[in-house]
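> make a model of this:
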Amino acid sequence: MHVAVYNVTGLELLKEAIEKAGYTGKVDIGMDVAASEFCKESKYDLDFKNPNSDKSLWVSSTIRRNIFNASIIKCRALFA
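Predicted coordinates for the structure are as follows:
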């Protein structure tokens, strides 16, 4: 499973928690996708919190942009 999938799953859980707590429409969720934190050797390590991340899975800026754009579209649909 790709890291971006975990992000969407996490947002689904967050949305459910907000609904169960009765805060629907009262809470805003933002995403900070600042790439500087996971940019290494001109590639993007989407598993950057893992000290043993696999370099063969690091992605280019184009792929990173596509992954985050797809995640944002899924998030908009989730919260629509």
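> how about the helices in the protein?
Remark: helices assigned in the chain by DSSP state H are 3-20, 61-78.
> how near is Ser42 to Ser53?
Applying C-beta to C-beta, to the nearest Å, the value for Ser42 to Ser53 is 15 Å. The C-beta positions use only the backbone N, C-alpha and C, and glycine is treated the same way.
> so between those two, which is more surrounded?
Ser53 (16 against 8; other C-beta atoms under 10 Å).
> pretty sure that one contacts Asp47?
Yes - Ser53 is within contact range of Asp47, at 4.2 Å (criterion: C-beta atoms under 8 Å).
> residue ranges with poor pLDDT in the protein?
Along the chain, segments meeting pLDDT under 70 span 1-8, 31-35, 73-80.
> could you report the neighbour count for Arg64?
20.
> now do the one 4 residues further on
With neighbours defined by other C-beta under 10 Å, the count for Phe68 comes to 17.
> again with Ala17
11.
> any idea how far it is from Gly10?
Distance from Ala17 to Gly10, by C-beta to C-beta: 11 Å.
> let me know the outermost residue of this structure.
Largest separation from the mean C-alpha position in the chain: Gly22, at 24.7 Å (C-alpha atoms, centre = their mean).
> over to the nearest residue to Ile18 once chain neighbours are set aside: give its phi and psi.
Excluding its sequence neighbours, the residue lying closest to Ile18 (C-beta to C-beta, 6 or more residues apart in numbering) is Val27, at 5.3 Å. Main-chain torsions, Val27, degrees, to the nearest 10: phi -130, psi 140.
> so what sits opposite Cys39 in the bridge?
Note on Cys39: beta-bridge partners Tyr44, judged by DSSP bridges.
> and the spatially closest residue to Phe38 that is not a sequence neighbour, how many neighbours?
Excluding its sequence neighbours, the residue lying closest to Phe38 (C-beta to C-beta, 6+ apart) is Phe48, at 3.7 Å. By other C-beta under 10 Å, 14 other residues sit near Phe48.
> please apply the same query to Glu16.
Quick note: Glu16 (other C-beta under 10 Å) scores 10 neighbours.
> ok, Glu19 next?
Glu19: 12 neighbours (other C-beta under 10 Å).
> same thing with Arg65?
14.
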